[in-house]
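Engineer: task: produce atomic coordinates for the following.
(one chain, ligands or ions: 2)
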Amino acid sequence: MEQTLIIVKPDGVARGLIGEVIRRFEARGLRIAKLSLVDAPKETVESHYDEHRSKPFFADVVAYLTSGPIAVMAVEGPNAVTACRAMMGATNPADAAPGTIRGDFALSLEENVVHGSADPESAHRELGIWFP
Ligand code: CDP
Ligand code: MG
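Structural biologist: Ligands and ions are numbered 1, 2, ... in the order given. Here you go, the predicted structure:
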């Protein structure tokens, strides 16, 4: 069994998409192992996006993730990391296939509804940040 860290970002929460995101993962056969609705501290989001510290969009993505409540969850199942990434679709919703979360619910790269860990190592690190 594998766990991955999924976040419904502030735009997703504000638009009432928490249930839709969870429904899709559960329908696939994945289990919501942990779930928390939080106003994330800036420092937590900064360490979550540590790999992007030097990127030009870092300040903006941190501001976005702290702009409202987010739903943070550990999603569990066989190959949960890869399965969730595939169900999320491409980072830029313009490239995300219909049928994916971003392909069905987002149009903007900055506000793309969900986060999902990129690989098992990232999942382990991110789960440790949000569920210490
Ligand atoms: O979220 P994902 O792992 O698919 O993409 P990422 O490359 O790890 O980027 C993290 C997040 O930063 C994205 O989901 C976008 O919300 C944001 N981002 C952005 O605003 N502008 C970019 N050029 C790249 C990413
Ligand atoms: Mg990423």
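Engineer: pLDDT score assigned to residue 120?
Structural biologist: At residue 120, the model reports a pLDDT of 98.
Engineer: ugh, typo on my part, it should be residue 26
Structural biologist: The predicted local confidence for residue 26 is 98.
Engineer: same thing with the one 3 residues further on?
Structural biologist: Residue 29 carries a pLDDT value of 98.
Engineer: setting the sequence-adjacent residues aside, check what's closest to it.
Structural biologist: residue 77 (6.1 Å; Cβ to Cβ, 6 or more residues apart in numbering). Where C-beta positions appear, they are placed from N, C-alpha and C, glycine not excepted.
Engineer: could I get the phi/psi values of the one you found?
Structural biologist: In terms of degrees, to the nearest 10, the main-chain angles of residue 77 are phi 170, psi 170.
Engineer: same thing with residue 89?
Structural biologist: Residue 89 adopts backbone torsions of phi 90, psi 180, taken as degrees, to the nearest 10.
Engineer: okay, which residue is most central for the chain?
Structural biologist: residue 115 (1.8 Å; Cα atoms, centre = their mean).
Engineer: am I right that it falls within a helix?
Structural biologist: No - counting by DSSP: H, G, I helix; E, B strand; the rest coil, residue 115 is not part of a helix but strand.
Engineer: is it correct that it is in contact with residue 5?
Structural biologist: Yes - between residue 115 and residue 5 there is a contact under Cβ atoms under 8 Å: 7.4 Å.
Engineer: kindly export stretch 86-94 (C-alpha atoms) in CSV.
Structural biologist: The C-alpha coordinates for stretch 86-94 follow below in CSV (Å, rounded to 0.1, in the frame of the first residue of the first chain):
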residue,chain,number,x,y,z
ALA,A,86,-2.8,10.6,-13.7
MET,A,87,-6.3,11.5,-12.4
MET,A,88,-5.2,15.1,-11.7
GLY,A,89,-4.0,15.8,-15.2
ALA,A,90,-1.2,18.1,-16.4
THR,A,91,0.1,21.0,-14.3
ASN,A,92,-1.2,23.5,-16.8
PRO,A,93,-4.9,22.8,-17.1
ALA,A,94,-4.7,24.0,-20.8
